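Trainee: Sequence and computational prediction follow.
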Amino acid sequence: MGFENIVFYVFAGIMVFSALMVITVKNPVQAALFLVLTFFSCAAIWMLLEAEFLAIALVLVYVGAVMVLFLFVVMMLDINVARMRAAFMQYLPIGIAVLVTMAVMMFMVVNQIHIDAPGRAAANYNNTRELGLVLYTVYVYPFEIAAVILLVAIIAAIALTLRRRPNTKHQNPDLQIAVKRDDRIRMVKMDTEEKK
Amino acid sequence: MTDNMQNIYLWIVLAPLIGAIIAGLFGHKVGRAGAHWVTIIGVAISCVLSIYVFKHINIDGGATFNGSIYTWMVVDGLRLEVGFLVDQLTSMMMVVVTFVSLMVHIYTIGYMKEDPGYQRFFSYISLFTFSMLMLIMANNFMQLFFGWEAVGLVSYLLIGFWYTRDTAIYANMKAFLVNRVGDFGFLLGIAGVLMYFGSLDYATVFAGVGEVNGQTMEIIPGSQWSVMTVICISLFIGAMGKSAQVPLHVWLPDSMEGPTPISALIHAATMVTAGIFMVTRMSPLFEFSETALSFVLVIGAITALFMGFLGLVQNDIKRVVAYSTLSQLGYMTVALGASAYAAGVFHLMTHAFFKALLFLGAGSVIIAMHHEQDMRKMGGLRKYMPFTWITSLVGSLALIGAPFFAGFYSKDSIILAVQKSQLAGSSFAYFAVLAGVFITALYSFRMYFLVFHGKERMDEHTREHLHETDKVVWVPLVLLAIPSVVIGAIFVGDMAFGDFFGKAIFVLPEHDVLGQLSKDFFHGWFSMGLHAFVPGPAWLAAAGVGVAWFLYMKRPDIPEWFEQKLSFVHKVLVNKYYADKFNEVFFAAGSVGIGKALWKFGDEKLIDGLVVNGSAKAVGYVSSVVRHVQTGYLYHYAFAMIIGLIVLMGLFVL
Amino acid sequence: MTATLLTNLHLATPEIFILSMASIILVVDLFLTENNRYITYLLSQFTLVVAFLLTLNLFSGDTFYIFSQTFVSDPMSSILKLGVYFATFVTFLYSKDYLIQRNIFSGEYFVLGLFAVLGMMIMISASSFLTLYLGLELLSLCLYAMVALQRDSSVASESAMKYFVLGAIASGMLLYGMSMLYGVTGSLDIQIVSQQLGAVTNKTILAFGLVFIIVGVAFKLGAVPFHMWVPDVYQGSPTAVTIFIATAPKIAAFAMLMRLLVGGLLEIHAQWQGILIILAVSSMAIGNIVAIAQTNIKRMLAYSTISHIGFLMLGVLSGTAEGFAASMFYTLTYVLMSMASFGAVIIMSRKGFEADKLDDYKGLNQRSPWLALMMLFIMFSMAGVPPFVGFWAKLSVLKAVVSADLLWLAIVAVVFSIIGAFYYLRIIKLMYFDKAEVSEPIECAIDLRWVFSLNAGLILLIGLMPESLLALCKQVVMS
């Protein structure tokens, strides 16, 4: 059991623990932070696999950008924590039963597999470069599809959230600037009236 | 050229179908006149084209056509297709069917003038024409069966046309059930063909006769039956149902419940010949089973003679004609049994004309009598209805086989053929057809005298309104009367004794009675007519007429005396040999009894209670329970997925 | 490198065209006013027609791989794509008036629809786990958004949510299964995977990955027990979206089934046959039985879909080319029937009224005999009554099952289809024998009327001459 194994088990342990906490803690902000931790340990494990680029991308994109955004949203929304957890205890036993069965089964299967670890790369091996090479050649088609998926995600997000409520009040600077005197003032002529 | 002909055949079939669809589905839109125009034009197109085809094939000697138009599906190498086989036999049938049908269409305009179901009726009879054409033009058993069932369906619809009448409903039910018995045999026959020949195509089947002939099958363990015999008899049982042979004849007289006499005509002059046609078409099969031929012969003989007797005691004008049809169908069947297929078909053709004439004549009388059908309330009509009178006389003469009339040639050919036949049962058949001639004459002229001569027995009110019927009614009568006279003389040389049908009919040399006759006996139509005056069937017919005149005109007391003295015989006849009674008591009551028992116990308790309602209840219960699994909660759904995953893994991974 | 990358690029022209047009329409739509929105609609339909012609033009009997073996163009893919265009085209036609009446006639519906078509095309032409998965995601994402498109409807949002969450779980499972297979075979390329399978000694791990993959596919198809989303989504979505979900994606799901199980995993047919049998039988059972208890026609049709999916799987699980062809025929014809049935719901509906209760069909014959007759065709076909096309579809899959020596399965299938006939015939009974509650005649646009008649007429027509389509399926599957 070399140093690598120790590192692996430590980070794997942290990861499983924090993942568990994500779904069990009461406070959604805490859950989000635990998710950050999960990603972080995951990045560490990837680093161990010499996938530096992916590890860094995970930290930068997920931890740095996505989760921060997510935290903003969670903090802005007022989620009723108590109500969401009402049924939790009721389903816990059966949940645990399923969990255990699942885990046992997976263990039995995965235990049979032995996949050889890939050989070490040479010292001048550049993970980022290699990724870039295949990404834009061999995997250019999936890469393009992924781009389309992102486009659709944007369209969907806008389509579902952008709404023009009829009674919202907002300014139209264009009209404000283009306004003319006649639009605002109406000259009224009338005869003088006698006070009664 | 073949393409061209193929299109013609297609149009012959489709024109009436289109008419039927328009009149049936859009009857309200096109109106009454629209409905009769569209159907008449459709049938007229197919009639004209049929005559053209007849000329092309039978007179110009054009090639026969055999090809498929459309393949419906192929199942395990078995092709189910729609195809036409048009040869001499088919083309002749096409002309008969379309011509008679056209007459019926025209006649219907007058007869159904006031009926609210006017468009529906036209739709039915056009549909009938289509079905009948599909039947006769088929080149395979599958299409034959389709046409067979389709004419059965239309006949059911027509008999029950006045569906508010109890008797009509009863009659159509009866026709349907009796035909079902026949169809069952027919279907078994087709199944047998498929099993042993491996194909439903006529040409393939007929080519394979050599191999199958001589094979045996074991239906009841221990006894070997000839395959050909079993197939042929099964097929013939089908023909017995459709062509109303004893004992499956009971539906036909009742079918007169339909609108007189048009649907009756369809049943009597056209549809019932489907059986005769089918057996003729199958001649390559029947020829190889003498047992089956004997069976056909005997059944036909029984029908010819005994149904004639029944005509004697009927008082309803339509029923007399109906029983005479039964008897004439018996003649045709006898001809088939004696391997004189050509003579049978020849009689079929002449019969179609003069029987149509008689039916329409009867219809004309009925219209004039304000839908009174009892002959005892008629009499002396010749003064009021000259056209109907003359044409009915022509029809009756043709029917009894008076020399030089159409019926004479065809009927005499049959009688002569039976005389020559060597098959088992042929001597009985010969006696039956001879006696039948006398009986035919007797009942035909009994009807003729009772209706057109003698005292006027109708009530005052009817008499005042008596007059000749409309032109649409009597013109078809005249048109039909002409062929009833001349058609026999024209075609007897070719059709009965010549090589008219070519390869369409197959006869083994040792059965070829007509061939022998044409050598030994036949020297042209005129000499055949003259020959009648040598003692023979014609004298029997004359005797029949004489007796009828004597009994019903001169001494009406004698029949009455007979009725009283021989009340037993009379009773048997009036009750139609108790065939209906027997069916009622034995089959109907028996099956009602069994049915009741099965119903009470089997159906209500077992099937309804346990199987149907039980399973329905079970299904409903399960359904309502399972429905609640669909709670609408997301985590329940996800949970179900996980459970499914675990189950699949548990079953297949571990 | 570039040379090999770009060889035979023309095989992907339909995909490229759809993508370009979808993007163009997206932009064009921004500049259109509400009144000119129909231009978006026309452009979308134009796109589909052109794509149809492009694909038709590319149709050949050969198989090509491009984009480094991630994209395959073979006869099956061409036929299925044509089916997708056709289904989408008809769907858009049906939907137009419905969307206008409900104020959701927006460019997004059509743009998302086109992107969904692109996703389906990618799935159909996938020859790598990766592209298959990405195509699936693209399709799913579009569908989730389309379900939620009617934002004032809380039911629609709820069902979109359910669909999304469950779909994500299923996608996760699918990915997990794929990664297992990748681990064993070392490749994502379906061809290579199938070659490597023989060499794998440990079949358990294969079966393990297989189960996860099948769960993913089964979810997409809506097979029991992964069907829970189907009734809720079908009922909750606007009918215009339901009809879209119920038609074209089924073709894509069938392609996915074929690519994964037949293209990649035929080697372990023995293993997946058992799983599919369980899924098929439970789908037919649950689908047919629960449908009886429904009072909402969209929900009833959802359960009917589930039962049809069970039937569809019968052909595939038989493991023979004949069976695959039968399933393909079943898929295409089912899409045709499904299209027509939801089309009828759309035609019956009008502004402010959804004809989604069974009771709304009472006495339809008195209100619109034409509509009732077409509906009769559809229901008979769904129940599998000859001569309608549904009969041949059922017959051909049953034949495949019987020739695979699974006679008992065929009998079970027949029993369930008899149970199923009940609820189809009940609609006919409602239409023809019950008294209408409202007597006003049904109004609908003339183009809708024509499309619907053609649609229902095709059900009869193909039923009368099923041979050519069956032969086409057979020929396509063989190659």
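Mentor: Structure received.

Trainee: where in chain C is pLDDT low?
Mentor: C:1-5, C:479 (pLDDT under 70).

Trainee: Which element is encountered next along the chain beyond the longest helix along it?
Mentor: Under DSSP state H, the helix in chain C containing the largest number of residues is helix C:154-185. Using DSSP states H and E, the helix or strand that directly follows helix C:154-185 along the chain is helix C:190-197.

Trainee: now that following helix, how far from the chain's geometric center?
Mentor: Centroid separation for helix C:190-197 versus its chain: 27 Å, with Cα atoms, centre = their mean, to the nearest Å.

Trainee: Stretch B:514-526 too?
Mentor: Distance, centroid of stretch B:514-526 to centroid of chain: 30 Å (Cα atoms, centre = their mean).

Trainee: Show residues contacting it.
Mentor: Here stretch B:514-526 makes contact (Cβ atoms under 8 Å, 6 or more residues apart in numbering or on different chains) with B:339-340, B:342-343, B:409, B:413, B:416-417, B:420, B:488-490, B:492-493, B:496-498, B:507, B:509, B:528. For glycine as for every other residue, the C-beta is placed from the backbone atoms N, C-alpha and C.

Trainee: now, which of the residues you listed lie within helices?
Mentor: Under the assignment DSSP H, the contacts of stretch B:514-526 contribute B:342, B:343, B:409, B:413, B:416, B:417, B:420, B:488, B:489, B:490, B:528 to helices.

Trainee: Need the nearest residue in space to the fifth one, chain neighbours excluded.
Mentor: By that I understand residue B:416. Once flanking residues are discounted, residue B:416 sits nearest to residue B:517: 5.6 Å by Cβ to Cβ, 6 or more residues apart in numbering or on different chains.

Trainee: tell me which element the one you found is part of?
Mentor: helix B:513-520.

Trainee: ditto for residue B:70
Mentor: Here residue B:70 is assigned to strand B:65-75, by DSSP H and E.

Trainee: okay, which residue is most central for the chain?
Mentor: Picked chain A for this. Closest residue to the average C-alpha location of chain A: residue A:66 at 4.5 Å, with Cα atoms, centre = their mean.

Trainee: Now do the helices for chain A: every range, in order, please.
Mentor: Under DSSP H, chain A gives helices at A:3-24, A:28-48, A:52-57, A:67-76, A:81-84, A:88-110, A:127-136, A:140-161, A:173-177, A:181-184.

Trainee: Can you say which of the ones you listed is packed in most?
Mentor: helix A:28-48 (a mean of 19; mean count of other Cβ atoms under 10 Å in any protein chain shown).

Trainee: what's that helix in contact with?
Mentor: For helix A:28-48, the external contacting residues (Cβ under 8 Å, 6+ apart) are A:4, A:7-8, A:11-12, A:14-15, A:18-19, A:21-23, A:25, A:52, A:54-56, A:58-59, A:62-63, A:67, A:70-71, A:74-75, A:79, A:81.

Trainee: out of those, who's near chain C?
Mentor: Filtering the contacts of helix A:28-48 for proximity to chain C by Cβ under 8 Å from any Cβ of the partner chain leaves nothing.

Trainee: The helix or strand containing residue B:81 and chain C, are they touching?
Mentor: Assigned by DSSP H and E, residue B:81 falls within strand B:78-86. No - counting by Cβ under 8 Å from any Cβ, chain C is not contacted by strand B:78-86; separation bottoms out at 10.3 Å.
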